[in-house]
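Undergrad: no sequence on this one, just coordinates:
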C-alpha cells in the first residue's frame, strides 16, 4: 500500500493549490514505487520530486508575500526545513546510494504532508479566499486593512 494517496481530505477548494498538492502526492508515490526498481528509476523519481517541491513551495511563498505575510513566517520556515532535508537526502542518495534513507524520507513526508496541508496550507487557502487572491496574477479583490500587521504565523487564527 502506498505511503500516501490523494483523497478529498487533502483538497482545500483552491484549484491551483489542490492541483499542485495532487501532483506532490503522485510524485511521492512514484518515488516510493521507484524504490522497488532500478537505480536510474530512483534517480529520476527523486529528481522530479525535488524539482516539483522547490517549485511548489516557491509558488506558495510568492502567494504569501502577495497576501501580506511577513518575510519570516512559520509556514515558509517549515518549507525551508523540508527542502533542506530533501536536498540533504538527495545529496546522500547520489553519493552513497542508500535506498533506506530515501525510503525513510518517503515515509516521513507521507506523515508530514497531510498535517501541513490541513493546517498551514488550509490557512493559506482561507486567506486567499478572504482576500479574493488570484494565484495566477497575484491580484487581490479585497485588500487587508491598512493597519494590518504582516502575518507571521501560518495565517490561521490559531497560529497568529
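TA: That came in fine, so what should we check first? Keep in mind that this is a model prediction, so the values were computed, not measured. Residues are numbered from 1 along each chain as shown.
Undergrad: so after the lengthiest helix in the chain, what's the next helix or strand?
TA: Secondary structure of the chain read by DSSP state H shows that its longest helix is helix 39-67. Toward the C-terminus, helix 39-67 is succeeded by helix 74-96 as the next helix or strand (DSSP states H and E).
Undergrad: any idea which helix or strand comes after that following helix?
TA: Past helix 74-96, the next helix or strand by DSSP H and E is helix 99-116.
Undergrad: The following helix or strand past that following helix vs helix 99-116, what angle?
TA: On the C-terminal side of helix 99-116, the closest following helix or strand by DSSP H and E is helix 122-131. Helix 122-131 and helix 99-116 are oriented at 40 degrees to each other (axes from the mean of the first three to the mean of the last three CA atoms, to 10 degrees).
Undergrad: mind listing what's buried in the longest helix of the chain?
TA: Buried residues in helix 39-67, defined by neighbour count with 16 or more other CB atoms under 10 Å: 42, 45-46, 49-50, 52-53, 56-57, 60-61, 63-64, 66-67. From N, CA and C alone the C-beta is placed, and that goes for glycine too.
Undergrad: That's all I had, so thanks and see you.
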